[in-house]
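K.L.:
Give me the fold of what follows.
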Amino acid sequence: MSIVFLSPTGQSGGAEAALVEILAGLRESHPSWSLDLIVASDGPLVAGARALGIPVQVVPFPPSLASLGDWNVGRGFWSRASFIARCAGTAWPAARYLRRLRRLLRDRGPSVIHTNGFKMHVLGAWARPHGSAVLWHVHDYVTRRALMAKLLRFSRHRCSAAVANSRSVADDVTALCGGELTVHPVWNAVDLSRYSPDGPRVDLDALSGLPRRDDVVRVGLVATFARWKGHRTFLSALAKVPASLRVRGYVIGGPVYATSGSQVTLDELKHQAASLGVADRVGFTGIVSDSSMAMRALDVVVHASTDPEPFGLVIAEAMACGRPVVTSAAGGARELTKPDVNALVHEPGDVDGLARAIETLAGSPALRAQLGHAGRATAERSFTRTRLVNDLTPIYEGLSRVH
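P.N.:
Purely as a prediction, here's the structure:
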């Protein structure tokens, strides 16, 4: 079995962390399989794959292709016209990249091409050499994306099957492709030895430039700076928590994608914190290379996505670390949690609901401990590499036999 993985970025978002777990699990369970990674930018994913002994080739996207995204395309005439003009300007560089990718895949002749992001889904489908199967690994809702929905629907006949990181995303892909594509829901995995209750912790106050205090309840949002991750909701909720509870908030993460307009900026968030009067109670750490060290330094981990979350890797990682979690109950994230059993939940974008959940946990160390223990037990049942590899192996083998 030979598999080539295609990733549109080497940075460390949820899809890339999930890919590292797949590579690690396959290397452990199938050491004879040939695994290769082609990635469009350097970053932690590249280092992680190479540490596993996976050959990696960085083939950078042209700048116009790297920055092209349809997440924030408005409904107005000028917004759409500007986007169409950008697409036209990207066509020729994208065609050249496709030719180069086709040559690389032809030279490798893999049994399966496993694509790990929207741009690579399309490019991988059209670069596929004869005799190779294409497996789309879908980590997000494609029907939200005007351009990508059209491109994937157009390319579906060149794809052999898809994996989705939740049943919610699987239903979305099935709706897009009209049932013509087999879609397998497969939850992501977490490295339970790394994400565990015991281990080193980072000094969040030092990273944030805040004075050290030991008498606070540390509540953090761990996320990329994608606009729908709920940073504004989180900051607004913190402003509603009584100061008497001594809650200190942390925004842990930063921008990881080149796509323009899809991310908040640090200046925006700092301005909001100041306008809400919580600038002295909120720290901005930037990206922490090992998020497990940041989670262990928190008393509560918040997931505040304002749109339905495709899976919610941060939720799974925080549970594995034995930390109580407050989650936004929609999409795949709803599948991971049992309200008041292994997490507290609030509706997406509900500032008051999130504030109440933070207040409840801040005031109850016993409840924090109870939810933390339940979360770790959930992780040990549901988020192991063994389970992930057992789910994926028959999919790979089935595609290899067909092709």
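K.L.:
Could you verify that G254 is part of a helix?
P.N.:
No - residue assignment for G254, taken from DSSP: H, G, I helix; E, B strand; the rest coil, gives coil, which places it outside any helix.
K.L.:
Help me confirm that it comes into contact with S291.
P.N.:
No - with contact defined as Cβ atoms under 8 Å, G254 does not reach S291; the gap is 11.8 Å. Using the backbone N, CA and C atoms, a C-beta is placed for each residue, glycine as well.
K.L.:
Which one's more surrounded, the two?
P.N.:
Set side by side, G254 and S291 show unequal neighbour counts under other Cβ atoms under 10 Å, the larger going to S291 at 24 against 19.
K.L.:
give the contact list for that one.
P.N.:
Listed by Cβ atoms under 8 Å, 6 or more residues apart in numbering, the contact set of S291 reads V222, I252, V314, E317.
K.L.:
cutoff 10 Å now
P.N.:
Counting by Cβ atoms under 10 Å, 6 or more residues apart in numbering, S291 makes contact with 12, 17, 194-195, 202, 222-223, 252-253, 301, 313-314, 317-318, 321.
K.L.:
Where do the helices of the stretch 101-250 of the chain begin and end?
P.N.:
Along the stretch 101-250 of the chain, the stretches classed as helices by DSSP state H, counting those that start in this stretch are 118-127, 146-155, 167-177, 204-208, 231-240.
K.L.:
Which one of those has the poorest average confidence?
P.N.:
Within the helices of the stretch 101-250 of the chain, confidence is poorest for helix 146-155, with a mean of 86 (mean pLDDT).
K.L.:
Mutual contacts of G254 and S291, please.
P.N.:
Shared between the contact lists of G254 and S291 (criterion: Cβ under 10 Å, 6+ apart) are residues S12, A223.
K.L.:
re the thing from before, derive a ChimeraX selection command for the buried subset of the contacts of S291.
P.N.:
This is how ChimeraX selects the buried members of these, with burial counted by 16 or more other Cβ atoms under 10 Å:
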select :12,17,195,202,222,223,252,253,301,313,314,317,318,321
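K.L.:
Now intersect the contacts of S291 with the strands, please.
P.N.:
Among the contacts of S291, the members found in strands (DSSP state E) are V222, I252, V301.
K.L.:
Which of the helices of the stretch 101-250 of the chain sits closest to V138?
P.N.:
Using Cβ to Cβ as the measure, helix 167-177 is the one of these that comes nearest V138, at 5.4 Å.
K.L.:
what comes into contact with the closest one?
P.N.:
136, 138-145, 148-150, 152-153, 155-157, 159, 162-164, 166, 180-187, 308-311, 330-335.
K.L.:
Can I get the buried part of the residues you listed as one PyMOL selection?
P.N.:
Isolation of the buried members of the contacts of helix 167-177 (16+ other Cβ under 10 Å) is achieved in PyMOL through the command below:
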select buried, resi 136+138+139+140+141+142+145+148+149+152+153+155+156+159+162+163+164+166+181+182+183+184+185+186+187+308+309+310+311+330+331+332+333+334+335
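K.L.:
Please identify which of the helices of the stretch 101-250 of the chain is closest to K270.
P.N.:
K270 lies closest, by Cβ to Cβ, to one member of these: helix 231-240, at 9.7 Å.
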